[in-house]
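Asker: Curious how this folds, go ahead:
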Amino acid sequence: MPLIESVERPPRWVLAARAKWRYTGSERPEFAVRPGPGQRSVWDFPRPPAIEHVAQTVRVLREAREIARSDRACRVCETASPPTYYVPAADVDLGCLRPAERGSWCEWKGEPRYWDLEIDGRRQHHVAWSYPDPFPEFESIRDHLAFYASGVDCWVGSVLARPQPGGFYGGWVTPDLVGPFKGDPGIDDL
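Answerer: Residues are numbered from 1 along each chain as shown. Predicted coordinates:
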């Protein structure tokens, strides 16, 4: 049974969760690293999050096997987090993904479905997630999958992304970003 049902107006508890954030991208906190030339501060990203088209090819690999490759990916940019990259399901090798047991919710996007990776009989847990029934504002990520850079190699163009700190979050850290990032010590509750 879904934790969240798609509705025109989200339930009060979702609105309350959305309202709790102190930083919304309108003002960079003093502790945030100032971006240098060609860099962006994740503290300038908006809340509610923004969806951007990705101009570079996005690739996801496990060892030498390509799991996803797309020139049609998008990224969700949200205050304090490195972008989360979403690849259209049509550009993913779905034959190696298996539904995973895990539950959570996002006050912006809805209830995710998690995925394990299975290759040659070896299963790697919680490698990806998707939003099969996102809130209306995030309808454009329906039929897309996002991957944890901690479990697979995630590339944006020629850049290998690092995983977002904290283990739970799925942002991809690239050299053009400065933080600190949600997931770093002391940053989660801002």
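
Asker: Okay, residue 113 and residue 77: tell me how far apart.
Answerer: Per C-beta to C-beta, to the nearest Å, residue 113 is found 22 Å from residue 77. Every residue, glycine included, has its C-beta placed from N, CA and C.

Asker: Of those two, which one has the most company?
Answerer: Neighbours around residue 113 and residue 77, counted as other C-beta atoms under 10 Å, are more numerous at residue 77. The numbers are 22 against 16.

Asker: what pairs with the spatially most central residue of the chain across the strands?
Answerer: Here the mean C-alpha position of the chain is nearest to the C-alpha of residue 84 (C-alpha atoms, centre = their mean), at a distance of 2.7 Å. Note on residue 84: beta-bridge partners by DSSP bridges are residue 76.

Asker: ok, now which ones touch it?
Answerer: The neighbours of residue 84, taking C-beta atoms under 8 Å, 6 or more residues apart in numbering as the test, are 75, 76, 78, 146, 170, 171, 172.

Asker: ditto for residue 156
Answerer: Neighbouring residues of residue 156 by C-beta under 8 Å, 6+ apart: 54, 56, 58, 85, 172, 174.

Asker: Ranking helices and strands of this protein by mean pLDDT, which lands last?
Answerer: helix 12-19 (a mean of 86; mean pLDDT, DSSP states H and E).

Asker: Okay, buried residues for the longest strand seen in the chain please.
Answerer: In the chain, assigned by DSSP state E, the strand with the most residues is strand 122-130. For strand 122-130, the neighbour count (16 or more other C-beta atoms under 10 Å) marks 124, 126, 127, 128, 129, 130 as buried.

Asker: Quick one: list the elements packing against that strand.
Answerer: Under the contact criterion of 3 or more C-beta pairs under 8 Å, 6 or more residues apart in numbering; DSSP states H and E, strand 122-130 touches strand 97-99, strand 113-119, strand 144-147.

Asker: Output stretch 37-45 as PDB, nothing but the C-alphas.
Answerer: Taking Å, rounded to 0.1, in the frame of the first residue of the first chain, the C-alpha atoms of stretch 37-45 are listed here in PDB:
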ATOM      1  CA  PRO A  37      34.800  30.100 -11.600                       C
ATOM      2  CA  GLY A  38      32.700  27.400 -13.300                       C
ATOM      3  CA  GLN A  39      31.300  26.200 -10.000                       C
ATOM      4  CA  ARG A  40      27.900  26.200  -8.400                       C
ATOM      5  CA  SER A  41      27.000  26.200  -4.700                       C
ATOM      6  CA  VAL A  42      24.400  23.600  -3.800                       C
ATOM      7  CA  TRP A  43      23.100  26.300  -1.400                       C
ATOM      8  CA  ASP A  44      21.900  28.300  -4.400                       C
ATOM      9  CA  PHE A  45      19.800  25.500  -5.700                       C
END
